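[1] Predicted coordinates and the sequence they were generated for:
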Amino acid sequence: MARKPFIAGNWKMNLNHLEAIALVQKIAFSLPEKYYAKVDVAVLPPFTDIRSIQTLVDGDKLLLTYGAQDLSPHDSGAYTGDVSGPMLAKLGCSYVTVGHSERREYHHEDDELVGKKVRAAIKHGIKPILCVGEKLEVREAGGHVAHCVEQLIAGLKGLKPEQVKDHVVVAYEPVWAIGTGKVATSTDAEEVCKALRGALADKYGAEVADEVRVLYGGSVKSGNIAELVACDNIDGALVGGASLQADEFTKLCALAAGGPLP
Ligand SMILES: O=C(CO)COP(=O)(O)O
């Protein structure tokens, strides 16, 4: 089956709610509705922006979707500073990134916690974008494929094949390519994305593996997106820096849709 490309903009810890409104308005204005037939687009702002974006998307019936960058594995309780799946669901979040390398690195999230968060997202009807990726030393030692497959299988622990098929998005983000300007070559990215899909096929069956969207992330821009999505197993991108500029992000989405540029 042909998987519809998906571009998700991970804003990380950038833009307050007023800046968020301005950026979403610009994206909505510059990416005409016809493109959404060929590409799904989401923005993943900081928690503090989500309510404003919800109001804008609902009010103006925008076709782009939105989500969060993290969630608690718990539904509620004494977890100071955390935000739960039910709260994000109430805000209309469609997606949440889980296991981003910055959370694994700065918040010491391990595969077990990542798996709990994936299950919490699905429980509340939010699609997890499960991020996997190796550090440079792992790649240099030739262990990148095994490392990413291991993170994938651990992150999906306890899920039924239908849950994986209907809800999960996978993002391969080599840590050495994030925010460094060093994009993996499309051959390198395809190698890992193909292996991730192969691992999904082995564990959950070919039908599941055929449906799940596998994204690439790490220094994606309008200049390299076309080459990436032309690969058989790369279904779009998780975009950091380039998602903060409306013109660049719009161009990138249009190219993922197969063009022409708006
Ligand atoms: O981490 C990323 C997206 O989640 C990638 O960030 P950059 O696109 O800024 O390299």
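    Yes, it's here. Since the structure is predicted, the reported quantities are computational estimates derived from the model, not experimental observations. Numbers count the residues shown, from 1 in each chain.
[2] Show me which positions of the longest helix along the chain end up buried.
    Using DSSP state H to define each element, the chain has its longest helix at helix 186-204. Within helix 186-204, the residues scored as buried using 16 or more other CB atoms under 10 Å are 186, 188-197, 199-200, 203-204. C-beta: built from backbone N, CA, C; applies to glycine.
[3] List, one by one, the residues from the stretch 51-200 of the chain near the ligand.
    His100, Glu173, Ile178, Gly179 (CB under 6 Å from any ligand atom).
[4] of those residues, buried ones?
    Buried among those (16+ other CB under 10 Å): His100, Glu173, Ile178.
[5] With adjacent residues omitted, what lies nearest to the first one?
    If you skip the residues right next to it in sequence, His100 has Cys131 as its closest partner in space, 4.6 Å away by CB to CB, 6 or more residues apart in numbering.
[6] Tell me how far the longest helix of the chain lies from the chain's centre.
    With CA atoms, centre = their mean, to the nearest Å as the basis, helix 186-204 stands 16 Å off its chain's centre.
[7] Output it as CSV - backbone C-alpha positions only.
    Only the C-alpha atoms of helix 186-204 are listed here, as CSV (Å, rounded to 0.1, in the frame of the first residue of the first chain):
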residue,chain,number,x,y,z
SER,A,186,19.4,9.1,2.1
THR,A,187,21.2,5.7,1.8
ASP,A,188,22.1,5.7,5.5
ALA,A,189,18.6,6.8,6.5
GLU,A,190,16.9,4.2,4.2
GLU,A,191,19.1,1.4,5.6
VAL,A,192,17.8,2.0,9.1
CYS,A,193,14.2,2.8,8.2
LYS,A,194,14.1,-0.4,6.1
ALA,A,195,15.5,-2.4,9.0
LEU,A,196,12.9,-0.9,11.4
ARG,A,197,10.1,-1.9,9.0
GLY,A,198,11.6,-5.4,8.7
ALA,A,199,11.6,-5.7,12.5
LEU,A,200,7.9,-4.6,12.5
ALA,A,201,7.2,-7.3,9.9
ASP,A,202,9.0,-10.0,11.9
LYS,A,203,7.2,-9.1,15.1
TYR,A,204,3.7,-8.0,14.0
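[8] same for it, what does it pack against?
    helix 144-155, helix 161-167, strand 169-172, helix 206-211, strand 213-217, helix 225-229 (3 or more CB pairs under 8 Å, 6 or more residues apart in numbering; DSSP states H and E).
[9] packing partners for the second one?
    By that I understand helix 161-167. Using 3+ CB pairs under 8 Å, 6+ apart: helix 161-167 touches helix 111-123, helix 186-204, helix 206-211.
[10] residues in contact with the residue of the chain found nearest the ligand?
    Of all residues in the chain, Gly240 sits closest to the ligand, at 2.2 Å by CB to the nearest ligand atom. Residues near Gly240 by CB atoms under 8 Å, 6 or more residues apart in numbering: Asn10, Lys12, Ile178, Gly179, Gly217, Ser219, Val220.
[11] Same question for the worst-scoring helix or strand of the chain on mean pLDDT: list its buried residues.
    Every helix and strand of the chain was ranked by mean pLDDT, DSSP states H and E. The lowest is helix 136-140, at a mean of 94. Buried positions in helix 136-140, judged by neighbour count with 16+ other CB under 10 Å: Val138, Arg139.
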